[in-house]
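In: Would you be able to build a 3D model of this:
(2 chains)
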Number of protein chains: 2
Amino acid sequence: MSGEDAPAQQQNAVDQKQETKPAEEPKTEPPKTESEPAGAAEAAATPAAGAPDKAPEEETFTYRALVLTGYGGYDKVKLQVKKGKPALKAGEVLVRVKACGLNFADLMARQGLYERLPSPPVTPGMECSGVVEAVGEEVTDRKVGDKVMALSRFGMWQEVAVVPANHTFLIPEGMSFEEAAAFPVNYITAYMMLFDFGNLRPNQSVLIHAAAGGVGIAATQLCKTVKDVTVFGTASASKHETISQGGVTHAIDYRTKDYVEEVRKISPKGLDIILDPLGGSDTHKAYNLLKPMGKLITYGAANMLAGQRKNLLAMAKNWYHQFSIHTLSLIQGNKSVCGFHLGYLDGEIELIAQAMKTILDLYQEGKIKPRIDSTWHLEQVGDAMRKMQERNNIGKVVLTTEPMPEEEKKEEAKKKDDKKKDDKKKEEAKKEEKKDDKKKEEPKKEEKKEEEKKEEAKKEEK
Amino acid sequence: MSGEDAPAQQQNAVDQKQETKPAEEPKTEPPKTESEPAGAAEAAATPAAGAPDKAPEEETFTYRALVLTGYGGYDKVKLQVKKGKPALKAGEVLVRVKACGLNFADLMARQGLYERLPSPPVTPGMECSGVVEAVGEEVTDRKVGDKVMALSRFGMWQEVAVVPANHTFLIPEGMSFEEAAAFPVNYITAYMMLFDFGNLRPNQSVLIHAAAGGVGIAATQLCKTVKDVTVFGTASASKHETISQGGVTHAIDYRTKDYVEEVRKISPKGLDIILDPLGGSDTHKAYNLLKPMGKLITYGAANMLAGQRKNLLAMAKNWYHQFSIHTLSLIQGNKSVCGFHLGYLDGEIELIAQAMKTILDLYQEGKIKPRIDSTWHLEQVGDAMRKMQERNNIGKVVLTTEPMPEEEKKEEAKKKDDKKKDDKKKEEAKKEEKKDDKKKEEPKKEEKKEEEKKEEAKKEEK
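Out: Here you go, the predicted model:
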């Protein structure tokens, strides 16, 4: 989230990558100390403790960062230690990160399916919360010590992060760092979809897919700020109690029921607004489920994510079922189709600031509140991603930069080993299944041949 | 505009056609007098004056109606006299029509391009104003003598019209019948597009094509009810003064300038809302001209109308350039594409009533006011349609049911003759032009051959 428009961001992205380079190649000459940013001494105090006295701060400054080392499974995101204090340009601030949010785009990015992330090695992460540790020139509305949440195209999953000051927002009284890390992406997304594209008004009906996910919970809460809005929410049965308490009027178990049928039973004329994070054939269903003047807002292609690694079959299926619409159909149906993704909206500082102001007000009025599903240490990022991707979360999955206690680390290492073995077993089991399937198919083919023979015989009889 | 949903409307449409049948076949037995609707005696007084005393009112009741006798040019809409008082069903009212509005859909319908009009013979017309002359059973909120404006899928271009009471709206104090006939379709259309799909807010920018047309003027006025909205309006240069006075911030002559370039000069980032009545390649241009979070609202295919009769080339071109959009593009652009047509919204009584309430309030506050371009007698419907189709109007083209003075009728007949001759001359001139073009092409071909020969010669030299 930097710069005023796309080309500028691209430039900035490259800059950011170069900035982290010294840390990855610690043997090169350390950068020379030039003008020291305000508060830098204070900032360096903790991490540089114990470093030799004479070394320049830029070298003794170390921090942990999650780095996507290549596209693939959960293990492609590795925890590394970086050296060298990132330099600040005018308008930027250095944030000592406390917590980071996980988003679906991060999972897509890991598989190489999110073009807004520069190629690896790169630090993922679109949002974090923390404390301002240094401010660059021309920054007037942030000071060292400010508690902030920050939005960025990437680079938030590390202990220190550099962001333009206008991509940070002050954390209101009473909001924890975890809540703050869970706030920006989900709530801005839900807000813009419902109130800008959706134009949600009293008495309307809304379908929220993955109602127990981060965006789903935010959207449900925001629907409840409008009078008499009916919320249809899909989630697996075990999550129904929680989402119903959260404001979903009709919880639908999409695993056992046809959600289109369920909606039609209650609302035969269809719905006013549908939020669609799935893509593919579900977008078609959503379109047909719209009332006249209804709005379909598509904001992802979760159907493309099947398994840890890029799944070509799921992608092809999604592509094949890709929704495409003619204006004539829109006119005859009086319908609206919108696309939203915060990751492509990063030039629109003003729009985002406006949305942020409104939702922070709603937070302070007690009308919305992020629900944290679980918090994980940076070392556990793989498990955190897995939890989200396998849809086992209810609410936001958050990373904390708190160091992991030594005992936990040992346990973690053991767990990882077990998990690897487990994964291997599963994979082998799958292979066996496939073999079995093939074997089963063989007899089927035989059967078919038999049938064909019979047919032939019949024909001959005639 | 009848019934609660599509199939019901279809049914109703058929009913309506059957009702007018007796008038078209006046030699069949007149329908028997059953329960006489309230106010019917009063209603029949004027038109039936001078009819023999003993004939049943249903037969002596006559009224003039415009009838589309087949698809084609302006002359396909003929003025006929119908006999027999239309019977009212429960919930319906009989309106003595004073004025009718012309809409683009009527022009499309004449060419057979609007599927919401039943096949000829049929009376076109989507809106009218007049006085309630009789009310059917179960009508509680309308009484004989009420001044109303009415909306319908068709059948409004006649002296008496039958409509469901909930498709009529009381004319506010101070609004003329002509204004009332110019009001419903244009203002509801503009309102729904701007404030439902468009979600127009202060400081936004809007592009209005055909800003001097009925919808264009209504949309401009409605934009002005929101603070600091910038309106870009296209129209030919001669209309710029009028539309600028009406509220257009930047008038663009689309005939001499590239409107996309003109908009970009002033608003490099693009626009928040674009109303597109054109279709085809202009829809593509509009989409590319949207800002992030921008909304494109397409509500017609005026580009398909070229000439009096169905123009296959224009249609094919429009079809070829038909806009079709993938969700991925919408997501990456954060854009919205909507389709609107009031003709397909006729089941949504409540939505329409709500919109009507809001815009009638705005009228009474003096914030909006229909602009009448010209008023024509029923006999002049051809000229009225021509004026609109050739884009010579500024504001609404209206028909009045006032009888035409005898002298004017004579003049009209002469004019018609002249026009026919004129049309013939024009057509012949066109044919000549075509011949000339062909002749010009011939020498070009010769030139080409010469060039080819030279090229050959050059190659040989090498």
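
In: I'd guess A:V97 is in a helix, am I close?
Out: No - using DSSP: H, G, I helix; E, B strand; the rest coil, the assignment for A:V97 is strand, not a helix.

In: Next up, the contacts around it.
Out: Counting by C-beta atoms under 8 Å, 6 or more residues apart in numbering or on different chains, A:V97 touches A:128-130, A:156, A:158-161, A:401. Glycine gets a C-beta too; all of them are placed from N, C-alpha and C.

In: Tell me how far the nearest residue to A:W157 once chain neighbours are set aside lies from chain B.
Out: Once flanking residues are discounted, A:W157 sits nearest to A:G125: 3.4 Å by C-beta to C-beta, 6 or more residues apart in numbering or on different chains. Distance of A:G125 to chain B, computed by C-beta to the nearest C-beta, to the nearest Å: 20 Å.

In: and if you look at A:A65?
Out: Counting by C-beta to the nearest C-beta, the gap from A:A65 to chain B is 28 Å.

In: pLDDT at that residue, what is it?
Out: Looking at A:A65, its pLDDT is 98.

In: Look at it and give its secondary structure.
Out: Under three-state DSSP, the three-state class of A:A65 is strand.

In: which strand residues sit across from it in the sheet?
Out: Assessed by DSSP bridges, A:A65 has beta-bridge partners A:Q80, A:Q158.

In: Test my guess that it contacts A:M156.
Out: No - if you go by C-beta atoms under 8 Å, A:A65 and A:M156 don't touch, sitting 10.1 Å apart.

In: Which one's more surrounded, these two?
Out: Neighbours of A:A65 and A:M156, each counted by other C-beta atoms under 10 Å in any protein chain shown, are more numerous for A:M156; the result is 30 against 24.

In: Could you pull up the residues touching A:V263?
Out: A:207, A:232, A:250, A:252, A:270-271, A:289.

In: Around the residue nearest to A:W157, count how many other residues there are.
Out: A:G125: 31 neighbours (other C-beta under 10 Å).

In: returning to what we had before: and for A:A65 and A:M156, which residues touch both?
Out: Shared contacts of A:A65 and A:M156 (C-beta under 8 Å, 6+ apart): A:T123.

In: who's in contact with A:I274?
Out: A:I274 neighbours (C-beta under 8 Å, 6+ apart): A:206-207, A:286, A:289-290, A:294-297.

In: Any stretches of the stretch 351-462 of chain A with poor pLDDT?
Out: A:420, A:423, A:426-427, A:429-462 (pLDDT under 70).

In: and it, which of its residues are near chain B?
Out: Neighbours of chain B within the stretch 351-462 of chain A, by C-beta under 8 Å from any C-beta of the partner chain: A:L351.

In: ranges for the helices of the stretch 351-462 of chain A?
Out: In the stretch 351-462 of chain A, the helices defined using DSSP state H, counting those that start in this stretch lie at A:381-389, A:406-461.

In: Restrict the first one to CA atoms and write it as CSV.
Out: In CSV, the C-alpha atoms belonging to helix A:381-389 read as follows (Å, rounded to 0.1, in the frame of the first residue of the first chain):
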residue,chain,number,x,y,z
VAL,A,381,2.9,-19.8,10.6
GLY,A,382,2.4,-23.1,8.7
ASP,A,383,-0.1,-24.3,11.2
ALA,A,384,-1.9,-20.9,11.2
MET,A,385,-2.2,-21.0,7.4
ARG,A,386,-3.3,-24.6,7.5
LYS,A,387,-6.1,-23.8,10.0
MET,A,388,-7.4,-21.1,7.7
GLN,A,389,-7.1,-23.0,4.5
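
In: Please point out which parts of it sit buried.
Out: Neighbour counts over helix A:381-389 (16 or more other C-beta atoms under 10 Å in any protein chain shown) mark A:381-389 as buried.

In: returning to that earlier point: how about the residue nearest to A:W157, what does it touch?
Out: By C-beta under 8 Å, 6+ apart, A:G125 lies in contact with A:66, A:100-101, A:106, A:152, A:154-158.

In: give me that answer again for 10 Å
Out: A:65-66, A:68, A:77, A:97, A:100-103, A:105-106, A:109, A:117, A:150, A:152-158, A:161, A:181, A:381, A:399 (C-beta atoms under 10 Å, 6 or more residues apart in numbering or on different chains).

In: Generate a PyMOL selection restricted to the buried subset of those residues.
Out: A single PyMOL command suffices to select whichever of those are buried according to 16+ other C-beta under 10 Å:
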select buried, chain A and resi 65+66+68+77+97+100+101+102+103+105+106+109+117+150+152+153+154+155+156+157+158+161+181+381+399
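
In: Can you flag which of the contacts of A:G125 belong to strands?
Out: Among these, DSSP state E puts A:65-66, A:68, A:77, A:97, A:100-101, A:150, A:161, A:399 in strands.

In: In JSON lines: those, plus distance to B:R371.
Out: JSON lines is the format used below for the ones in strands among the contacts of A:G125 (distance: C-beta to C-beta, whole Å):
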{"residue": "A:A65", "distance to B:R371": "64"}
{"residue": "A:L66", "distance to B:R371": "63"}
{"residue": "A:L68", "distance to B:R371": "61"}
{"residue": "A:V77", "distance to B:R371": "63"}
{"residue": "A:V97", "distance to B:R371": "60"}
{"residue": "A:C100", "distance to B:R371": "58"}
{"residue": "A:G101", "distance to B:R371": "53"}
{"residue": "A:A150", "distance to B:R371": "52"}
{"residue": "A:A161", "distance to B:R371": "57"}
{"residue": "A:L399", "distance to B:R371": "61"}
